[in-house]
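Q: Provide a 3D model corresponding to the input given below.
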Amino acid sequence: MILSDLEYSLKKIDYYRDRLLFLFIKPYWPRKILPNHLTYLRVAIGLSLFVLLFFFGIENKLLIISLFCVGAITDLFDGSVARGLKKETDFGMMLDPTADKILIIPIAVYSLYQSQKWLLLLLILAEVISGLVFIFQKSRGADTRPNIFGKTKMVLLCIVFAFILIAWPNFPSVFFIDILWASLIFSVLNVFSKVLELKNKGHVKVKNL
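A: I've put the predicted structure just below:
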């Protein structure tokens, strides 16, 4: 019951976010810029951050924060643009969560490795498990659209890592670390809800789930 109420509340927030963005997207969005273009940009930014941070050792805060924030904004818009302009595609739904991981993981390693190794390990493990479940869904022909728990987790991660980058090289505050721990709950709920959906549709057989 509590889980259903939480899911319903989060979906309502997401619904109203879409309605608000549609006020701009439907009349003004350039039709030549497709939702997948935004997702490609997020992939390019994530890979660029990885190269800049771990190969060239560039620690220009303004550059890193700017790139990350642009990547986070593409995540805010790509799904809404796809829904608002009726441009949703199976490829876009497959690419979106992959792009999220490519954006988040380099920043997570960069900002947490020195002070929060266990948290970093669990965050990466959660992303790996989520990716494996996604691959399994795809192999069974199941619905692979991101659910509301995965979306909420991504929003939390983007907001927290933006603030952590602003404070860098100071260690993250306890408040932001606690939010990252809380994001793991949404990661678990994300995987659990996907497995439950697979079970309900007969794609897997899980006893006593």
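
Q: Secondary structure element for residue 83, which one?
A: According to DSSP states H and E, residue 83 maps onto helix 61-84.

Q: contact partners of that helix?
A: Here helix 61-84 makes contact (Cβ atoms under 8 Å, 6 or more residues apart in numbering) with 17-18, 21-22, 25-26, 29, 33-36, 38-39, 41-42, 45-46, 48-49, 52-53, 58, 87-89, 92, 96, 99-100, 103, 107, 146, 151, 154, 158, 161-162, 165-166, 168. Backbone N, C-alpha and C define where each C-beta goes, glycine included.

Q: Quick test: name the residue nearest the centre of this protein.
A: By Cα atoms, centre = their mean, the chain has its centre lying nearest to residue 154, at 3.3 Å.

Q: what about the helices in this protein?
A: 2-28, 35-54, 61-84, 90-112, 117-139, 148-167, 174-200 (DSSP state H).

Q: Same list, these, but as TSV with mean pLDDT please.
A: Putting the helices of the chain into TSV (pLDDT from 0 to 100) gives the following:
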stretch	mean pLDDT
helix 2-28	91
helix 35-54	95
helix 61-84	93
helix 90-112	91
helix 117-139	91
helix 148-167	93
helix 174-200	90
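
Q: The residue lying closest to residue 114 once chain neighbours are set aside: neighbour count?
A: Leaving aside its chain neighbours, residue 114 sits nearest to residue 171 (7.6 Å; criterion: Cβ to Cβ, 6 or more residues apart in numbering). When neighbours are defined as other Cβ atoms under 10 Å, residue 171 has 15 of them.

Q: Please consider this matter closed, and thank you.
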